[in-house]
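Student: No letters, just coordinates:
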């Protein structure tokens, strides 16, 4: 295959099987001879490594700029506090306070300070690990405990995306800012759901999100066979294609629980993922 | 002396609001005359930085002390920078809080007594 194709694996609800689908799909595509990179963008709980067991070849620290104030230069004009929309820099009487955890790193305070009393310093928000497996190349982001800057970290992780082949991007659950940061601009979003009222409820939110972002998307039903009708009816009504059904099977659950890939558990699973891969790369 | 009390309602008989940044109102009370003015807390519904915003409003209103239930670290730091004494653990009505303050029953500035975002969580 020529060029680049980026496929995000997302869901509304957590625990539906995003990482199961993403890791198995990445391994299958690699076996088929594609250049594949798996990116774990679920930076608050990256766990694709459990299934892919990469050798990490290098890591880097990710920082964001936050302001620091030279009080000897500050004239107390207050402009920094006026421009900040997040109360991250606050002139109070004769001093200027900064609150790193509230800062969004826009740089506005630096620009409006008339006496250059504000400089930026780096705030450590997490790290990116890059490695190899027998199959896909591997990248993951890990948010530093206590940091709230998952969007900035996800963007940093995505700068390590390959420029050719297939990129499988494992997104965080939900429908808020970190997910948007993970899926924006991808070629296709696979929405993994489970046939429960919770799965369907959150699938509706996720489908609305990707539609709002104008992204091509399709559904994978995991634990299929429980009670798929409501999910199927929703997808039919919305014109969303169901691209794969992973059966509700005890062997799959056991393999997953042991950190194994489910591709080889039953012969039809390889076929299910192969059919999914064909549809995604068509 | 002018002090600010967090209040769940608009008068001296209202209960002290246990939250600082997310308090409904601040009553600015003259401790000698018990005259007061009402200030709505514009930060109460803010997405973030409510404690800092509320602290700025209290400083700008000229209060010398704050009586409240709980105060988080960002609000506490801002109030201290503004020279405002912070009394936490205060409950009952606003009137009772003022009386307790005048009688010297509270001690100030023990520090922030809750984590950030405490006032956005369900209260016990």
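Tutor: Received the coordinates, thanks. Here the structure is a predicted model, which means the values were calculated and not measured.
Student: Every contact and neighbour count from this point should use C-alpha atoms.
Tutor: Noted.
Student: immediately after the lengthiest helix in chain B, which helix or strand?
Tutor: Criterion DSSP state H: the longest helix present in chain B is helix B:50-60. Moving toward the C-terminus from helix B:50-60, the first helix or strand encountered (DSSP states H and E) is strand B:65-67.
Student: got a list of contacts for the longest helix of chain B?
Tutor: Residues lying outside helix B:50-60 but in contact with it, judged by CA atoms under 8 Å, 6 or more residues apart in numbering or on different chains, are A:87, A:92, B:4, B:20-22, B:41-44, B:71-72, B:74-76, B:78-79, B:82, B:84.
Student: Helices of chain B, residue ranges please.
Tutor: Taking DSSP H, the helices of chain B run over residues B:50-60, B:73-81, B:94-102.
Student: Tabulate the ones you listed (JSON lines), appending distance to residue B:10 and mean neighbour count.
Tutor: Formatted as JSON lines, the entries for the helices of chain B read as follows, by distance: least, CA to CA, whole Å; neighbours: other CA atoms under 10 Å in any protein chain shown:
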{"stretch": "helix B:50-60", "distance to residue B:10": "16", "mean neighbour count": "23"}
{"stretch": "helix B:73-81", "distance to residue B:10": "22", "mean neighbour count": "22"}
{"stretch": "helix B:94-102", "distance to residue B:10": "10", "mean neighbour count": "18"}
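Student: For residue A:9, find the nearest of those.
Tutor: Ranking these by proximity to residue A:9 (CA to CA) places helix B:50-60 first, at 35.4 Å.
Student: So what's the gap between the closest one and the chain middle?
Tutor: Here the centre of helix B:50-60 is set off from its chain's centre by 10 Å, with CA atoms, centre = their mean, to the nearest Å.
Student: Check stretch A:20-27 too.
Tutor: In terms of CA atoms, centre = their mean, the centre of stretch A:20-27 is found 15 Å from the chain centre.
Student: And residue A:249, how far from chain B?
Tutor: According to CA to the nearest CA, to the nearest Å, residue A:249 and chain B sit 40 Å apart.
Student: repeat for residue A:218
Tutor: Applying CA to the nearest CA, the value for residue A:218 to chain B is 33 Å.
Student: Please name the strands paired to whatever helix or strand that residue lives in in the sheet, noting orientation.
Tutor: Under the criterion of DSSP H and E, residue A:218 resides in strand A:217-224. Strands flanking strand A:217-224 in the sheet, each with its direction: strand A:188-193 (parallel), strand A:242-247 (parallel) (DSSP bridges).
Student: Would you mind listing the outside residues contacting the last one?
Tutor: Read that as strand A:242-247. Taking contacts as CA under 8 Å, 6+ apart, the residues outside strand A:242-247 that touch it are A:218-225, A:232, A:235, A:269, A:272-273, A:275-276, A:279.
Student: What average pLDDT does that strand get?
Tutor: On average, the pLDDT along strand A:242-247 is 96.
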